[in-house]
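Engineer: model this:
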Amino acid sequence: MAKANGNKKTVIALLAVLLLVIVGFAGYYIYNIAQKDIKGNPQDTRAYTLVIEESDFQYDVSQKLYQNGIVINDTLWSNWMDRHYPDFVYINGEYNITAGMSYEDIAQKLQNPDISHTGVKVAIPEGYNVFDIAKTLEDNGVCAADDFLTACKSKDKYVDTFEFLREFPDSDTVAYELEGFLFPATYDLGENTEAENVVIAMLDAFDDRIDSRWTDYCKANNMSLYELVTLASVVEEETLGQGVAQDIASVFLNRLESSAQLQSDVTIDYGNQLRAAGFEDAVVTSYNTYKCAALPSGPICNPGVENIDAVVNHNDTNYFYFFSYNNGADFYFTDSYADFSAQWEKLKSTNTQ
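Structural biologist: Okay, the predicted model is just below:
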């Protein structure tokens, strides 16, 4: 019986030794594999474009590298980074990486994006039109001006996301269907952002600010939200920031009610910009309120909340005419064309600019 127990102990000991050998070989094998991955293999040319967004941290980057075959294990990469670059700051952008790069090569690469998405604050003031916004975005490295203008021409790509776009008119004479709804605000954007993503951010900002007072006013006055914003855009361009928007809105609403033309010079200015951009005469003319019957075919800029509110809460007046003088510092309102003409002759010389 003692001999049997001895044999059993011997077998157990041999199995233990064998297990240790297997574990040792496995550990050695895994260690070698890990070291090879850390050092890199230039012959492995599998490519991947890593995109680091603002919300990404080391865990997210590790997962992307692992899931796309750049590193063999996300924990191995994270631990290596913690040891060698404990204070590493990940920069938003796009990085062209291959599976054969060493961890050191990858770490160095992640400090120099091929395409930067570094965050920038971009201020879009009230009254900017698509041309102004496009230039501002390009000047700040967000996207090309032409790409933004193209993204603003049609509502089709955005109607599934933004319900208010579904009521927009379908017209061949509307130059930029999203003009008027690119809400003026300060945006946190990334360099080299897709133009459509910028448009979505601006439409989302407008959507957040749609007020029940606006929609109630539209229902009560047989007006669409598109028409309300179109009128507000003309008011925006006429106010010159002088706090007279409610009186200016009353002039235009009185004219619309009496079927008179708006005859606003700022709509001609917008049409000239459209002509310079290559739009046909039919489109340009449709914005000219000396030629079209009522409102221009679409907004001529992107009004702020204040001037949309000015239309909704316009003053109750009989005004039919107005002009600015003292270089836009003052305004004159009247219900008489004779009075308008006489006062204009007296005061027009104060506009020296």
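
Engineer: where along the chain do the strands fall?
Structural biologist: Taking DSSP state E, the strands of the chain run over residues 47-52, 93-98, 115-116, 119-123, 186-190, 321-325, 330-334.

Engineer: any chance of those in a markdown table, with mean neighbour count, mean pLDDT and distance to Thr75 too?
Structural biologist: C-beta coordinates here come from the backbone N, C-alpha and C atoms, glycine included. Rendered in a markdown table, the data for the strands of the chain read as follows (neighbours: other Cβ atoms under 10 Å; pLDDT from 0 to 100; distance: least, Cβ to Cβ, whole Å):
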| stretch | mean neighbour count | mean pLDDT | distance to Thr75 |
| --- | --- | --- | --- |
| strand 47-52 | 15 | 90 | 18 |
| strand 93-98 | 17 | 91 | 19 |
| strand 115-116 | 15 | 84 | 28 |
| strand 119-123 | 13 | 92 | 29 |
| strand 186-190 | 16 | 93 | 29 |
| strand 321-325 | 18 | 86 | 68 |
| strand 330-334 | 17 | 87 | 69 |
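
Engineer: Can you add distance to Arg255 and give those strands back as a markdown table?
Structural biologist: Below are these laid out as a markdown table (distance: least, Cβ to Cβ, whole Å):
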| stretch | distance to Arg255 |
| --- | --- |
| strand 47-52 | 52 |
| strand 93-98 | 52 |
| strand 115-116 | 50 |
| strand 119-123 | 33 |
| strand 186-190 | 35 |
| strand 321-325 | 9 |
| strand 330-334 | 13 |
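
Engineer: and of these, who's closest to Leu231?
Structural biologist: strand 321-325 (15.0 Å; Cβ to Cβ).

Engineer: same for that closest one, what does it pack against?
Structural biologist: Based on contacts counted as 3 or more Cβ pairs under 8 Å, 6 or more residues apart in numbering; DSSP states H and E, the elements that strand 321-325 packs against are helix 245-257, strand 330-334, helix 337-347.

Engineer: again, 6 Å this time
Structural biologist: Counting contacts by 3 or more Cβ pairs under 6 Å, 6 or more residues apart in numbering; DSSP states H and E, strand 321-325 is packed against strand 330-334, helix 337-347.

Engineer: For the longest one, could you pull out the residues that count as buried?
Structural biologist: Read it as helix 337-347. Within helix 337-347, the residues scored as buried using 16 or more other Cβ atoms under 10 Å are Phe340, Gln343.

Engineer: what's the distance between it and the middle of its chain?
Structural biologist: Averaged C-alpha coordinates place helix 337-347 at 45 Å from its chain's average position (Cα atoms, centre = their mean, to the nearest Å).

Engineer: what's the angle between that helix and strand 330-334?
Structural biologist: Angle, helix 337-347 to strand 330-334, by axes from the mean of the first three to the mean of the last three Cα atoms, to 10 degrees: 160 degrees.

Engineer: Run through who's touching helix 337-347.
Structural biologist: The set of residues external to helix 337-347 that reach it, using Cβ atoms under 6 Å, 6 or more residues apart in numbering, is Tyr321, Phe323, Tyr325, Tyr332, Thr334.

Engineer: Give the bridge partners for the first one, please.
Structural biologist: Partner residues in beta bridges with Tyr321, using DSSP bridges, are Thr334.

Engineer: Quick check, it in contact with Thr334.
Structural biologist: Yes - if you go by Cβ atoms under 6 Å, Tyr321 and Thr334 touch, sitting 5.3 Å apart.

Engineer: Contacts only, for the closest residue to Thr317 other than its chain neighbours.
Structural biologist: What sits nearest to Thr317 in space, not counting adjacent residues and going by Cβ to Cβ, 6 or more residues apart in numbering, is Ser250, at 4.4 Å. Taking Cβ under 6 Å, 6+ apart, we find Ser250 in contact with His314, Asn315, Thr317, Tyr319.

Engineer: can you check Val234 too?
Structural biologist: Each residue near Val234 by Cβ under 6 Å, 6+ apart is listed here: Ser264.

Engineer: circling back: for Leu256, which of the strands of the chain is the nearest?
Structural biologist: Minimum separation from Leu256 across the strands of the chain (Cβ to Cβ) falls at strand 321-325, 14.4 Å.

Engineer: quick one: that closest one to chain centroid distance?
Structural biologist: Mean-position distance between strand 321-325 and its chain equals 36 Å (Cα atoms, centre = their mean).

Engineer: Run the angle between that strand and strand 330-334 for me.
Structural biologist: 160 degrees.

Engineer: Turn the contacts of helix 337-347 into a markdown table, including distance to Lys39.
Structural biologist: What follows is the contacts of helix 337-347, written out as a markdown table (distance: Cβ to Cβ, whole Å):
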| residue | distance to Lys39 |
| --- | --- |
| Tyr321 | 81 |
| Phe323 | 77 |
| Tyr325 | 77 |
| Tyr332 | 80 |
| Thr334 | 84 |
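
Engineer: Can you tell me which of those is nearest Asn68?
Structural biologist: Compare each of those with Asn68 using Cβ to Cβ and the shortest gap goes to Phe323, at 64.1 Å.
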